[in-house]
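>>> Structure of the sequence below:
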Amino acid sequence: MRAGPGTGRSEYKLGITLALLAALGFSMKAVFVKLAYETAKVDAITLLTLRMGLSLPIFLLMSRGAFSSLRQLSRADQLRILFLGMIGYYGSSLLDFMGLAYISAGLERLILFTYPSITVLLGVMFMGKKLEKRILLALLLSYAGIALGFLHDASVTSDKIALLTGSGLVLGCAVFYAIYSAGSESVIRKLGAARFTALALTVTSLTTFAHFLIARPVSALNLPWQVYGYSSAMAIFSTVLPIFWQASAVRYIGAERAVLVATLGPMLTILLSWLTLGEPVSVAQLAGTVLVVGGVMLVGKSKSK
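I've put the predicted structure just below:
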């Protein structure tokens, strides 16, 4: 059947809508974590266990057949999935959750959003890719933006050690996720994004569960129902659905446009944290957000070129 004249425009609108939903979902993650921390005395590994325990069944249901794809891979690729699942989701998420106990959701999102430029930098350092002037400018913009966001948080908190600790943990999260992003490219080409993500999340979940059982008693899961509510919302709306929304958006509008829409993430997090958590907003923080977003957009243009 021949597509009607409005099919291209309707697919474009659908792609933009899905990209916006993905950006909103990812932006809400830090807010859900902060709300859980405010509700009860819950630590990072326990909250991460709840997130992964609630996410994994949905992912496996939506990605049936992922495990049969393992036979198509070499032993080296299987070990790569194991490593990337541990470093990319378990390692980075744990550092992220730990950092959110010390810093605001807005600063967390600014620091985390440097991972695209770090990914490109890793490619230059270890994969023989060329360092472009555009990337250097992107790095300068991104870290100038983080500096402004950091100064904003420093002006509203008296605990500078906590601010430095939290910022360092989230920066470590960004580095881990950049390693995951750079290292997953070849495996995704063989398996597809959905199957690879399901396998990586399975590794993450098992690693998280093992960590929890070693470090915490099972009674640590005796938490108020509100924490389970925030964890369920985080699993569905800030983990599973945004990943599929983003993948579908790339299908309809291409990777470059999807990345550009995703740059709304830091601004959305700042807005949501102001509305739900009462976090203050300043001109310096907004200016820092603009700089970080500009750096990400430069990286996106460099990749498309």
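>>> ok, how many other residues are close to residue 21?
18 (other C-beta atoms under 10 Å). The C-beta positions use only the backbone N, C-alpha and C, and glycine is treated the same way.
>>> Packing partners of the strand or helix carrying it?
Per DSSP states H and E, residue 21 falls inside helix 7-39. When contacts are defined as 3 or more C-beta pairs under 8 Å, 6 or more residues apart in numbering; DSSP states H and E, helix 7-39 sits against helix 44-62, helix 105-112, helix 225-235, helix 241-253, helix 255-262, helix 265-276.
>>> any chance of the ones you listed in JSON lines, with mean pLDDT too?
As requested, the helices and strands packed on helix 7-39 are exported to JSON lines (pLDDT from 0 to 100):
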{"stretch": "helix 44-62", "mean pLDDT": "87"}
{"stretch": "helix 105-112", "mean pLDDT": "86"}
{"stretch": "helix 225-235", "mean pLDDT": "94"}
{"stretch": "helix 241-253", "mean pLDDT": "80"}
{"stretch": "helix 255-262", "mean pLDDT": "69"}
{"stretch": "helix 265-276", "mean pLDDT": "83"}
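>>> Buried deepest among the ones you listed, which one?
helix 105-112 (a mean of 28; mean count of other C-beta atoms under 10 Å).
>>> Can you tell me what sits against it?
27, 30-31, 33-34, 96, 99-100, 145-146, 149-150, 152-153, 166-167, 170-171, 173-174, 177, 265-266, 269-270, 272-274, 277, 279, 281, 285, 288-289, 292 (C-beta atoms under 8 Å, 6 or more residues apart in numbering).
>>> Go again with 6 Å.
Helix 105-112 is contacted by residues 30-31, 34, 100, 146, 149, 153, 170-171, 174, 266, 269-270, 273, 279, 292 when judged by C-beta atoms under 6 Å, 6 or more residues apart in numbering.
>>> centre of the chain versus that helix, how much separation?
Mean-position distance between helix 105-112 and its chain equals 11 Å (C-alpha atoms, centre = their mean, to the nearest Å).
>>> I'd assumed residue 267 was in contact with residue 27.
No: counting by C-beta atoms under 6 Å, residue 27 does not reach residue 267; the two are 8.4 Å apart.
>>> quick one: buried residues of stretch 79-93?
Within stretch 79-93, the residues scored as buried using 16 or more other C-beta atoms under 10 Å are 80-81, 84-93.
>>> quick one: which of those is nearest residue 72?
Within the buried residues of stretch 79-93, proximity to residue 72 (C-beta to C-beta) peaks at residue 81, which comes in at 11.8 Å.
>>> Spatially nearest residue to residue 143 (excluding sequence neighbours)?
Of all residues beyond its chain neighbours, the one nearest residue 143 is residue 114 (7.2 Å), with distances taken as C-beta to C-beta, 6 or more residues apart in numbering.
>>> And residue 209, by the same measure?
residue 49 (6.4 Å).
>>> will you turn the helices and strands packed on helix 7-39 into JSON lines that also has distance to residue 18?
Formatted as JSON lines, the helices and strands packed on helix 7-39 follow (distance: least, C-beta to C-beta, whole Å):
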{"stretch": "helix 44-62", "distance to residue 18": "15"}
{"stretch": "helix 105-112", "distance to residue 18": "20"}
{"stretch": "helix 225-235", "distance to residue 18": "19"}
{"stretch": "helix 241-253", "distance to residue 18": "4"}
{"stretch": "helix 255-262", "distance to residue 18": "8"}
{"stretch": "helix 265-276", "distance to residue 18": "15"}
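>>> Nearest approach to residue 138 belongs to which of those?
Comparing these by C-beta to C-beta, helix 255-262 comes nearest, at 12.5 Å.
>>> Quick check: neighbours shared by residue 27 and residue 267?
Counting by C-beta under 6 Å, 6+ apart, nothing touches both residue 27 and residue 267.
>>> CA atoms of stretch 17-24 as CSV?
Only the C-alpha atoms of stretch 17-24 are listed here, as CSV (Å, rounded to 0.1, in the frame of the first residue of the first chain):
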residue,chain,number,x,y,z
THR,A,17,7.3,13.4,20.5
LEU,A,18,9.1,10.1,21.4
ALA,A,19,12.4,11.9,21.7
LEU,A,20,10.8,14.5,24.0
LEU,A,21,9.2,11.8,26.1
ALA,A,22,12.6,10.0,26.4
ALA,A,23,14.3,13.3,27.5
LEU,A,24,11.6,13.9,30.1
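>>> what's around residue 41, how many residues?
There are 8 residues near residue 41, going by other C-beta under 10 Å.
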